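Asks: Following is a predicted model, sequence given first.
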Amino acid sequence: MIHLSLMTIPINVSKTWSVRPPFAGRSIRDFLFEGADFSRQLLKKVRMNGKVYINDEERKIWQSVETGDVLTVIFPEEEKGAIVPIQGKLSIVYEDEDVLVIDKPSRLPVVPTQDSKEPSVASLLLYRYEQAFHPCTVHIVTRLDKDTSGLMLIAKHAYSHRLLTKGLKSVERRYRAVVHGVLTEKEGLIDKPIGRKEGSIIERAVAAHGKPSQTLYEVESQSDSYTWLRLRLFTGRTHQIRVHLSDDGYPLAGDTLYGGREVEGISGQALHCSRLVFRHPWTKNRMTFTSEPPEAWGIFN
């Protein structure tokens, strides 16, 4: 006889709602799509491979609901994709059943490059999920460049990812950075469009054909050779801070791709996501997290 421990069986993600009056007499599908903000793709996955219950009795999504009904959705196990799980450490700042906040070090990519066996945020999280028998793949909400450190927001399942990305404009990220040179203006707004650099699939540049991009900066402190900055993005273009500062003549320290010089003892460019604020996708509570730049940045003082 084979005995299976309950601890080795994935526990699928579930969510429960109390049906409100506007949806009385309407279908479960209508409630999930309009009231719970499901995407059509997520609805399809639940219909095909998940389960739906009304007052603890299984139902089909075309069946109707009434005011006060308790509706529970059990989401199907998610496909993990081709990323290979890798054992390793991650700095976990916060975690619950819906979201996860990490403090990423510089030099760690968010996803592995093709055929790469080196660790990445995604591969390390997949290993962590496997150990916890969490039946979902990795859903990145706020991404950082490989050589940028700091706070990242990750959704623990597809429904959480749907809610967070739909409200992505309300996710606030603040950065700290060190640039070459001494800024004359103590604060300002860089408002320049950014697009792909001609002839490159990696680099971006300020370009008339680019998308609107705005970066607010404030000088924190200065030395003879460097300036510490606090920054806030009003748009989220690829390499936005790096491009804007470089175009203004103040490239990030260590950012050799955009005109910066290597700095001994510093890994990657001196850019760190220091503050992350968002509305929790399920509880709706305001969540605020902060992180200090790497200790090695003391070399700039």
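Replies: Perfect, thanks for sending it.

Asks: any weak-confidence spans in the stretch 151-300 of the chain?
Replies: Judged by pLDDT under 70, the stretch 151-300 of the chain has no weakly predicted residues.

Asks: Now the terminal residues of stretch 75-87, how far apart.
Replies: Start-to-end span of stretch 75-87 (C-alpha to C-alpha, to the nearest Å) is 27 Å.

Asks: cool, stretch 245-255 as well?
Replies: Start and end residues of stretch 245-255 are separated by 11 Å (C-alpha to C-alpha).

Asks: Can you name the residues in contact with it?
Replies: Under the criterion C-beta atoms under 8 Å, 6 or more residues apart in numbering, residues 147, 177-181, 183, 190, 192, 205-206, 215, 217, 226-227, 229, 241-242, 258-263, 266-271, 300 lie in contact with stretch 245-255. Every residue, glycine included, has its C-beta placed from N, CA and C.

Asks: Stretch 63-79 now?
Replies: Residues from elsewhere that reach stretch 63-79 (C-beta under 8 Å, 6+ apart): 10, 12-21, 23-28, 31-32, 45-46, 48-56, 135-137, 157-159.

Asks: Going through these, which ones are buried?
Replies: Buried members of those, scored by 16 or more other C-beta atoms under 10 Å, are 12-13, 15, 17, 19, 23, 27-28, 31-32, 45-46, 50, 52-54, 135-137, 157-159.

Asks: Filter those residues down to the ones in strands?
Replies: Taking DSSP state E, the ones among the buried ones among the contacts of stretch 63-79 that sit in strands are 15, 17, 52-54.

Asks: all helices of the stretch 1-150 of the chain, in order?
Replies: Counting by DSSP state H, counting those that start in this stretch, the stretch 1-150 of the chain has helices at residues 28-30, 40-49, 121-132.

Asks: Pick the most deeply packed of the ones you listed.
Replies: Most buried of the helices of the stretch 1-150 of the chain, by mean neighbour count (mean count of other C-beta atoms under 10 Å): helix 28-30, with a mean of 21.

Asks: centre of the chain versus it, how much separation?
Replies: Offset of helix 28-30 from its chain centre (C-alpha atoms, centre = their mean, to the nearest Å): 29 Å.

Asks: what's in contact with that helix?
Replies: The contact list for helix 28-30 (C-beta under 8 Å, 6+ apart) reads 23, 43, 52, 54, 59-65, 71.

Asks: closest to residue 293 among the ones in strands among the buried ones among the contacts of stretch 63-79?
Replies: Nearest to residue 293 among those: residue 15, at 37.2 Å, using C-beta to C-beta.
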